[in-house]
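Participant: quick check, what structure comes out for this input:
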Amino acid sequence: MPKHIFVTGGVASSLGKGLTASSLGRLLKLRGLRVTMQKLDPYINVDPGTMNPFEHGEVFVTDDGGETDLDLGHYERFIDEPLSRNSNATTGSIYQAVLAAERRGDYLGKTVQVIPHITDEIKRRIHRLATDDVDVVITEVGGTVGDIEILPFLEAIRQFRKEAGRDNVCYLHVTLVPFIGPSGEQKTKPTQHSVTELRSRGIQPDVIVCRSEEPLSDNLKRKISNLCDVDERAVVNAADARNIYELPLILHDEGLDDVVCDVLRLDAPVDLAPWQEVVSMIEEAHKPVKIGLIGKYISLPDAYLSVVESLKHAGFHHGAKVEIDWIQAEDVEGLLAAGRLADLDGMLIPGGFGERGFEGKIAAAGYARENDIPCLGICLGLQAMTIDFARNVMNLTGANSTEMDPNTPHPVIALMHDQRDVVDKGGTQRLGAYYAILEPNTRVYRAYGEPVVSERHRHRWELNAQLKPKLEAAGLRCSGISPDRRLVEFIELDDHPYWVGTQAHPEFKSRPDRPHPLFRELVYAALARRESRAPHLFVVDETSSSVA
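Facilitator: You can find the predicted model right below:
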């Protein structure tokens, strides 16, 4: 029977529950255990797919097309296991399932209540991840103890230990130990109150992970142990780290995985060497390289979380420290005049929806094309690059996407034919993993090193296949297509250092020790550009890229 770890949080949001859970998952994998992870979110939306990125950050897409919480990105990057839509459940989806069952008559006319019907559905969502292929299921409960929305989840996980057995469940609580400047002290009172609130719901934490700016003293740990009724060795300090990938080693040094394994009666030795190599590689990455990120949600960096991490991964691979220049797409034309884009070593145009900032993305794509700046376009970025090419190379005045201009005379980007008459746009996206066939002797073929690839998608508009012959005749290489040859998946220019677009979202599959090929080659080309402009700074390693 799989073991279960439940991660809750107190005092404040954004303490790092997801990173703590992810780090623990990596530590358990380093012990040879098979790990999967899950996020329970208390908001009433069915999933985050329709939520504004300013509200919730990026939407992380799984292979099976689930639109999920961004914490699943952390989970996948740390434990290096593909997750599914079953790894994210919201209050909305749970109530939706219960109400559908009530309408079918599954409850035989009984009064439907939070207990037992909602809590039973929550437990069912947890159980369905506990397959024979898994040793440990880590479930993070979103929100903060004390929130009214979180109560059914706390009740469900309280019941879970009674049903699964004490040795099969571990409760881990992440809390805050703030530093109060005027008194010059770290204060444990918020942690005490948070644990008291959790215990009032019937859950006694087995482990407390204390977030702090600076390390906690042994005396403070002892105080928290005494007042919160946990073993002193189970009070684990997660002080601020230099980078998030160092966190598993920090938590191991604090004894987190040892305590959890003792609670769950797991006997598995740990081998930290693989992750120590990752951290060493990160610490040795010093070569500077500046990548401009042309986005419309840049005031909330979490909207591009996976993109940012993918750029970092590519930098680690090349021994480079990527500096991201956050550029508001709406301001691009003014920045062109100011010369800010000329200072970039590379450029990335990420995905998005809607008209705002789109013309700025097109202008940025054109500037990168004309000035040999390495550029990677993702989803909407590919569409911006294609429109720039159509307008400014093929002279198709007014070329656009029908998303932005339904009456454009040259619909370079359009809905697929079988979606044009659909009113409910919520269910018409291409979501999840799709295959693409790569054209030989192209940049993307050489980057991937294989003829067929699978990438995750999240979009509705496509490059208009009817215009593909004209685009290619003008010099735009359609370097990857769908197996049925209906859809263009990749574009590139032959006579450019790196001007590549993909309809997919490759950022979802990048890992710290295995950067995604498209990001890897973008950073390689950016480093080459930087070296060509300032050869005294460093020398690019010619063996570190697959691109000739």
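Participant: phi, psi for Pro116 please.
Facilitator: Here is the backbone geometry of Pro116 (degrees, to the nearest 10): phi -110, psi -10.
Participant: for burial, what's the neighbour tally of it?
Facilitator: If you count neighbours by other Cβ atoms under 10 Å, Pro116 ends up with 14. Using the backbone N, CA and C atoms, a C-beta is placed for each residue, glycine as well.
Participant: per-residue confidence at it?
Facilitator: On pLDDT, Pro116 comes in at 95.
Participant: gap between it and Gln38?
Facilitator: Pro116 is 21 Å from Gln38, where distance means Cβ to Cβ, to the nearest Å.
Participant: same check, this time on Asn52
Facilitator: Distance, Asn52 to Gln38, by Cβ to Cβ: 24 Å.
Participant: quick one: which of the two has more around it?
Facilitator: Between Asn52 and Gln38, counted using other Cβ under 10 Å, Gln38 has the larger neighbour count: 27 against 12.
Participant: that one pairs with what?
Facilitator: For Gln38, the beta-bridge partners under DSSP bridges are Thr139.
Participant: surely it meets Ser87?
Facilitator: Yes. Gln38 is within contact range of Ser87, at 4.7 Å (criterion: Cβ atoms under 8 Å).
Participant: shared neighbours of these two, which are they?
Facilitator: By the contact definition Cβ atoms under 8 Å, 6 or more residues apart in numbering, Gln38 and Ser87 are jointly contacted by Leu129.
Participant: what segments of the stretch 101-250 of the chain are helices?
Facilitator: Secondary structure of the stretch 101-250 of the chain, counting by DSSP state H, counting those that start in this stretch: helices at 119-127, 151-164, 189-200, 218-228, 247-253.
Participant: for the third one, packing partners?
Facilitator: What it means is helix 189-200. strand 169-176, strand 207-212, helix 218-228 (3 or more Cβ pairs under 8 Å, 6 or more residues apart in numbering; DSSP states H and E).
Participant: any chance of these in a markdown table with distance to Ser13, mean pLDDT and mean neighbour count as columns?
Facilitator: As requested, those are exported to a markdown table (distance: least, Cβ to Cβ, whole Å; pLDDT from 0 to 100; neighbours: other Cβ atoms under 10 Å):
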| stretch | distance to Ser13 | mean pLDDT | mean neighbour count |
| --- | --- | --- | --- |
| strand 169-176 | 10 | 97 | 24 |
| strand 207-212 | 12 | 96 | 23 |
| helix 218-228 | 20 | 96 | 16 |
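Participant: export the ones you listed to CSV and tack on distance to Gly142?
Facilitator: As requested, these are arranged in CSV below (distance: least, Cβ to Cβ, whole Å):
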stretch, distance to Gly142
strand 169-176, 12
strand 207-212, 16
helix 218-228, 22
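Participant: of the ones you listed, give the one that comes closest to Gln466.
Facilitator: Closest to Gln466 of the helices and strands packed on helix 189-200, according to Cβ to Cβ: strand 169-176, at 53.2 Å.
Participant: what are the pairing partners of the closest one, and which direction each?
Facilitator: strand 3-9 (parallel), strand 207-212 (parallel).
Participant: ok, and what's touching the first one?
Facilitator: Spelled out, that is strand 3-9. Contacts to strand 3-9, defined as Cβ under 8 Å, 6+ apart, come from residues 15, 17, 20-21, 24, 126, 130, 135-141, 143-145, 154, 157, 160, 164, 168-175, 198, 203, 205, 260, 264, 266.
Participant: what angle sits between that strand and helix 189-200?
Facilitator: For strand 3-9 against helix 189-200, the angle by axes from the mean of the first three to the mean of the last three Cα atoms, to 10 degrees is 130 degrees.
Participant: send me strand 3-9 as PDB with only the CA atoms.
Facilitator: Coordinates of each C-alpha in strand 3-9 appear next as PDB, following Å, rounded to 0.1, in the frame of the first residue of the first chain:
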ATOM      1  CA  LYS A   3       2.400   5.800   1.800                       C
ATOM      2  CA  HIS A   4       0.800   9.300   2.000                       C
ATOM      3  CA  ILE A   5       2.300  12.700   2.900                       C
ATOM      4  CA  PHE A   6       0.000  15.700   3.400                       C
ATOM      5  CA  VAL A   7       1.600  19.100   3.200                       C
ATOM      6  CA  THR A   8      -0.300  22.100   4.700                       C
ATOM      7  CA  GLY A   9       0.600  25.700   5.300                       C
END
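Participant: buried ones in it, by neighbour count?
Facilitator: Counting neighbours by 16 or more other Cβ atoms under 10 Å, one finds that the buried residues in strand 3-9 are Lys3, His4, Ile5, Phe6, Val7, Thr8, Gly9.
Participant: identify the farthest-apart pair in these.
Facilitator: Greatest spacing in the buried residues of strand 3-9, by Cβ to Cβ: Lys3 and Gly9 (20.8 Å).
Participant: tell me who's in contact with Val207.
Facilitator: Listed by Cβ under 8 Å, 6+ apart, the contact set of Val207 reads Cys170, Tyr171, Leu172, His173, Val230, Ala234, Val236, Leu256, Val259, Val260, Val263.
Participant: so who does the closest residue to the fourth one other than its chain neighbours touch?
Facilitator: Nearest non-adjacent residue to His173, counting by Cβ to Cβ, 6 or more residues apart in numbering: Pro205, 4.0 Å away. Contacts were defined as Cβ under 8 Å, 6+ apart; by that measure Pro205 touches Thr8, Tyr171, Leu172, His173, Val195, Leu198, Cys228, Val230.
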